[in-house]
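> sharing a model prediction with you, sequence too.
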Amino acid sequence: MSTSPTISFIGAGNMASAIIGGMLDSGFKAGDIWVSAPDDNHLQTLRKRFGISVTTDNRYCAEQADMVVLAVKPQVMADVCRDIAPVVQNTRPLMVSIAAGLTAGTLDQWLGGGLPLVRVMPNTPSLVGKGAAGLYANSQVKDDQKKMVQSVFESIGTALWVDDENLLHAVTALSGSGPAYFFLMLEALESAATEAGIDADTARKLAIQTMAGAAEMAGRSEHDPAQLKRNVMSPGGTTEQAIHTFEDGGLRELVQKAYGAAFTRSQEMSKELADKQ
């Protein structure tokens with residue numbers, strides 16, 4: 001692998017663009033980044049925006065790379081992998097997939113077998129540089145390759161490894177689907193506040209900043225969430241009453257049930273995708 005690795009993206013959607021932007025902000029060189037996609041107009045927009053190299057030829061794009069990021073939809077992944085398989089079997093780059101549900105074994109089979117491959121489960125806050133990604137590497141991946149992948153995904157947030165690929169279902173249910181859980185809480189808080197007389201714009205801004213501030217405190221604090229919660233509560237006060245209401249209403253059990261539903265659906269979708277290809 002070269003000292004300054006070349007990284008190619010097959011696919012040029014929002015997540016690929018977010019990763020590229022984060023990489024450039026973190027010191028990666030535009031000259032070391034390639035992107036391929038069918039729409040040349042979109043590619044030219046990315047070229048002008050980022051100063052990267054672009055092509056509509058997936059094979060040519062893959063051929064340039066020390067690391068190939070597969071950033072296409074799961075439904076078209078099989079065709080893309082089989083198309084570039086002859087190239088990557090010859091050049092042996094590190095393959096990285098950000099497609100949900102498709103296992104490392106399935107992807108490796110489509111790519112011709114025996115390649116180092118990392119699966120990444122990013123989430124939508126990656127689009128604003130605040131992502132949380134789970135990473136899994138197959139047995140072919142070397143330590144320096146793991147470091148390269150981690151540096152790429154840390155450019156758009158937090159990137160943490162799991163040793164068991166099946167744990168990516170748990171990651172999906174947590175950080176993959178998780179942003180929607182918090183959006184639901186924001187929606188509910190905004191609604192409750194507007195019913196109490198606060199205008200919607202003010203309610204939304206206060207709710208968003210409260211959630212952002214709480215997350216920042218949790219990230220910086222040496223205390224666990226239970227202690228941080230207790231620090232906000234005064235005996236007989238407003239927070240205590242609200243927390244008791246949540247607890248009496250079965251919030252913990254409902255969160256566990258919702259998380260389990262997302263976890264199970266992730267497993268089901270993985271099997272469905274494999275069966276369709």
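Noted; the coordinates are in hand. Bear in mind the structure is a predicted one, so any value in this text is a computation, not a measurement. Numbering: from 1, shown residues only.

> so where is the stretch 51-200 of the chain shaky, pLDDT-wise?
Nowhere does the stretch 51-200 of the chain drop to pLDDT under 70.

> what are the ranges of the strands in it?
With DSSP state E, counting those that start in this stretch as the criterion, the stretch 51-200 of the chain has strands at 53-55, 67-70, 94-97, 117-121, 131-137, 157-161.

> for those, which one sits closest to Ala37?
Set against Ala37 and scored by C-beta to C-beta, the strands of the stretch 51-200 of the chain come closest in strand 53-55, at 7.8 Å. C-beta here means a position set from N, CA and C on the backbone, and glycine is covered the same way.

> got the domain boundaries for the chain?
What the record gives for the chain is the domain set 7-165, 178-266, from automatic domain parsing.

> adding distance to Leu273 and mean neighbour count, write these out as TSV.
Rendered in TSV, the data for the domains of the chain read as follows (distance: least, C-beta to C-beta, whole Å; neighbours: other C-beta atoms under 10 Å):
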stretch	distance to Leu273	mean neighbour count
domain 7-165	5	19
domain 178-266	11	12
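
> nearest to Asp275, out of the ones you listed?
domain 7-165 (10.4 Å).

> can you give the distance of that closest one from its chain's centre?
From the chain centre to the centre of domain 7-165 is a distance of 12 Å (C-alpha atoms, centre = their mean, to the nearest Å).

> in a helix, Gln44, correct?
Yes - assessed with DSSP: H, G, I helix; E, B strand; the rest coil, Gln44 lies in a helix.

> that one: what's its closest spatial neighbour, skipping adjacent residues?
Val54 (7.0 Å; C-beta to C-beta, 6 or more residues apart in numbering).

> run through the residues that contact the one you found.
12, 34-37, 40, 43-44, 46-47 (C-beta atoms under 8 Å, 6 or more residues apart in numbering).

> at 10 Å instead, please
Neighbouring residues of Val54 by C-beta atoms under 10 Å, 6 or more residues apart in numbering: 9, 12, 33-37, 40, 42-48, 61.

> got it, and Asn14?
71, 124, 126-127.

> which among those residues gets closest to Leu160?
Ser126 (13.6 Å).

> from Val35, how far out is the closest one?
Using C-beta to C-beta, to the nearest Å, we find Ser126 at a distance of 17 Å from Val35.

> returning to that earlier point: rebuild the strands of the stretch 51-200 of the chain as TSV, extending it with distance to Leu24.
Shown next, in TSV, are these (distance: least, C-beta to C-beta, whole Å):
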stretch	distance to Leu24
strand 53-55	13
strand 67-70	15
strand 94-97	18
strand 117-121	19
strand 131-137	16
strand 157-161	15
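
> nearest to Leu186, out of the ones you listed?
So among these, strand 131-137 is nearest, using C-beta to C-beta, at 17.5 Å.

> I'd guess Ser8 is in a strand, am I close?
Yes - with three-state DSSP as the criterion, Ser8 is part of a strand.
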